[in-house]
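Chemist: I would like the atomic coordinates for the input below:
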Amino acid sequence: MRNILIVARKEIQEGLRNRWVLATTLLLAALALTLTFLGSAPTGNVGVRALDVVIVSLSSLTIFLLPLIALLISHDAIVGEMERGTMLLLLSYPVARWQVLLGKFAGHLAILAFATLVGYGAAAGALVATGAAIDAQSWAAFAFMIGSSILLGAAFIAVGYLVSALVRERGTAAGIAIGIWLMFVLIYDMALLGVLVLDQGQTVSGVALNALLLLNPTDAYRLFNLTGSGNVSAFSGMAGVAQTSTLSPPVLLAALVAWALVPLMLAAIAFSRREL
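Modeler: Take a look at the predicted model:
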């Protein structure tokens, strides 16, 4: 455990030195505040709590931005250090490869969690400062949104490690990371929508559709946050999906956890078999 914490501290220090922590926090805070003040304007007309509107806006922002940030900070975690020769030096100490991987994961996840908490917390703080009415249900939905956002980031950090453990060059890892982001965030849902339109309910059953949604961590995140709360689902236009979906919030959370653990284990296996 001590070795893992040492490696995690090293990654956090490097993130501070490279301004990753500051840049990520400021970016999330700026975008969250912008969405908060622009997006909460119509709440007086539609009778929706201001924080519910913020949750919908931040969930959409998270789907596009957090996976990209996670992949950018993790895609060269292994291959980059191998190219620079620092991995050989690190493994010359009494530390196992899986401890290096877990330490890096803990450090990168801490950076992402800190940026998410501070950035999104600034949005909630701004609403409180304006005197907006916020009930307990909205606060609970907001807390679940932040927690699931960190889980989504953990999933893509793990995917980035898997890529980094399999490729031989940083440039290749960067290209694959961008391709993975495009696939999960943009292409997958468009392809799935096209299949459903062509199929018209003849072949793709409800069970198959649920499985296809769980195969994409961003879809699991979207369903968890936009259908979990009645107020949020009503404003997001997904109230009907919330009533008909058989994917419960615990199942969706379990899918996000699996998306973080499985690629991380595969990355550990690939890293353990890799020659330095």
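Chemist: use CA for all of it now, contacts and neighbours both
Modeler: Noted.
Chemist: So which elements touch the longest helix along the chain?
Modeler: Longest helix in the chain, counting residues (DSSP state H): helix 97-129. With contacts taken as 3 or more C-alpha pairs under 8 Å, 6 or more residues apart in numbering; DSSP states H and E, helix 97-129 sits against helix 2-17, helix 20-39, helix 50-74, helix 136-166, helix 249-272.
Chemist: what about 7 Å?
Modeler: Packing partners of helix 97-129 (3 or more C-alpha pairs under 7 Å, 6 or more residues apart in numbering; DSSP states H and E): helix 2-17, helix 20-39, helix 136-166, helix 249-272.
Chemist: can I get the CA coordinates of the last one in CSV?
Modeler: So the one you mean is helix 249-272. Presented in CSV, the C-alpha positions along helix 249-272 are these (Å, rounded to 0.1, in the frame of the first residue of the first chain):
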residue,chain,number,x,y,z
PRO,A,249,-29.5,2.9,-11.1
PRO,A,250,-27.5,0.1,-9.3
VAL,A,251,-27.1,-1.8,-12.6
LEU,A,252,-25.9,1.4,-14.3
LEU,A,253,-23.5,2.1,-11.5
ALA,A,254,-22.2,-1.5,-11.6
ALA,A,255,-21.6,-1.1,-15.3
LEU,A,256,-19.5,2.0,-14.7
VAL,A,257,-17.5,0.2,-12.0
ALA,A,258,-16.9,-2.7,-14.3
TRP,A,259,-15.8,-0.3,-17.1
ALA,A,260,-13.1,1.0,-14.6
LEU,A,261,-12.0,-2.4,-13.2
VAL,A,262,-11.9,-4.7,-16.3
PRO,A,263,-9.6,-2.4,-18.5
LEU,A,264,-7.4,-1.8,-15.5
MET,A,265,-7.0,-5.5,-14.9
LEU,A,266,-6.3,-6.1,-18.5
ALA,A,267,-3.7,-3.2,-18.5
ALA,A,268,-2.0,-4.8,-15.4
ILE,A,269,-1.8,-8.1,-17.3
ALA,A,270,-0.4,-6.5,-20.4
PHE,A,271,2.1,-4.5,-18.4
SER,A,272,3.3,-7.5,-16.5
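Chemist: Show residues contacting it.
Modeler: Helix 249-272 is contacted by residues 97-98, 101, 151-152, 154-155, 158-159, 161-162, 165-166, 214, 217, 220, 224, 228 when judged by C-alpha atoms under 7 Å, 6 or more residues apart in numbering.
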